[in-house]
Structure formats: C-alpha cells, structure tokens
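*Asks:* Quick one, fold the following:
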Amino acid sequence: MSKRFDLNVQDAVRGALLHDLYHYDWRTEQPVAGRHVNVHPNQALENARKITEVSDVMADCIVNHMWPMGEGKPQSKEAWIVQASDKLCALLEITTQIAHKAAHLNLAPMMVGILLFVK
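*Replies:* Here you go, the predicted model:
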C-alpha cells in the first residue's frame, strides 16, 4: 500500500516486520509493568534497535501500531498503513478461527430450537 501512495516503502515494510518483535509470552510474563498493549511496542522498538538502524518512520510504525488501544497515535502515513494492516490481519485471524471452530459444530439442533422458540 505504501508503494501505491508513493510513500517510503522500505521503512514501512521494515517497521511492519519489526512491530511485534518482543521476546516474551504476554499471557504468562511481562518484562515491564503495564498492559501488554502499551508495553510490547516499546519492547519491539528496543529489540529492533539492537539488531538494525531504526529510522523515525520505522519507530513510528513500531511504537504506534496499537492505536487506538495503545498510548500513541501514528504520526506518519506509513505508520497509519501499518496499524490499519495490523488490524485487518487480526480481524482475518479471528474470523478464520471462529469459522474453523464453527465448522466442527453441528448447529442443526440449535437452529431448530431457535426456529421453534421464535414462532
């Protein structure tokens, strides 16, 4: 999408690839006090800086990808694209999981019960 809008493709892609670079299981541990939604972007930025040079656009993509639940709001167009893409991927993952679980259920008895209840 960054290419389509004539933005900084390299920094947007690098920021997108590094935005969840944290090394802990957020369900069982937290290296810093606080909510995961606020902690992991800063941890990802810290880890990214250990392995590569991080531009301002990349840092914006990494730190602000949790908007609107997180603390920061994206400042660059590239960061807006990364956070929107992250939300889209999360939505697709959730709907795929729900569809997969629903495929294993026999919903016919429940549907008949609903139809009888509605009448």
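*Asks:* Where do the helices of this structure begin and end?
*Replies:* Assigned by DSSP state H, the helices in the chain fall at 9-18, 36-51, 56-63, 77-103, 108-118.
*Asks:* JSON lines for those, including mean neighbour count?
*Replies:* Where C-beta positions appear, they are placed from N, C-alpha and C, glycine not excepted. Formatted as JSON lines, those follow (neighbours: other Cβ atoms under 10 Å):
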{"stretch": "helix 9-18", "mean neighbour count": "20"}
{"stretch": "helix 36-51", "mean neighbour count": "17"}
{"stretch": "helix 56-63", "mean neighbour count": "24"}
{"stretch": "helix 77-103", "mean neighbour count": "14"}
{"stretch": "helix 108-118", "mean neighbour count": "9"}
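*Asks:* Give me the residue at the spatial middle of this protein.
*Replies:* In the chain, the centroid-proximal residue (Cα atoms, centre = their mean) is residue 86; its distance is 3.9 Å.
*Asks:* Ignoring the adjacent residues along the chain, who's closest to it?
*Replies:* In space, and not counting its chain neighbours, residue 86 is closest to residue 65: 5.1 Å by Cβ to Cβ, 6 or more residues apart in numbering.
*Asks:* contacting residues for that neighbour?
*Replies:* Each residue near residue 65 by Cβ atoms under 8 Å, 6 or more residues apart in numbering is listed here: 19, 41, 74, 79, 82, 83, 86.
*Asks:* Let's see the pLDDT reported for the third one.
*Replies:* With respect to pLDDT, residue 74 has a value of 97.
*Asks:* cool, and the fourth one?
*Replies:* Model confidence at residue 79, expressed as pLDDT, equals 97.
*Asks:* what's the closest non-adjacent residue to it?
*Replies:* residue 60 (4.1 Å).
*Asks:* Contacts only, for that neighbour.
*Replies:* Residue 60 neighbours (Cβ under 8 Å, 6+ apart): 15, 74, 75, 76, 78, 79.
*Asks:* Closest one of those residues to residue 55?
*Replies:* Within those, the smallest distance to residue 55 is 8.3 Å, found for residue 15 (Cβ to Cβ).
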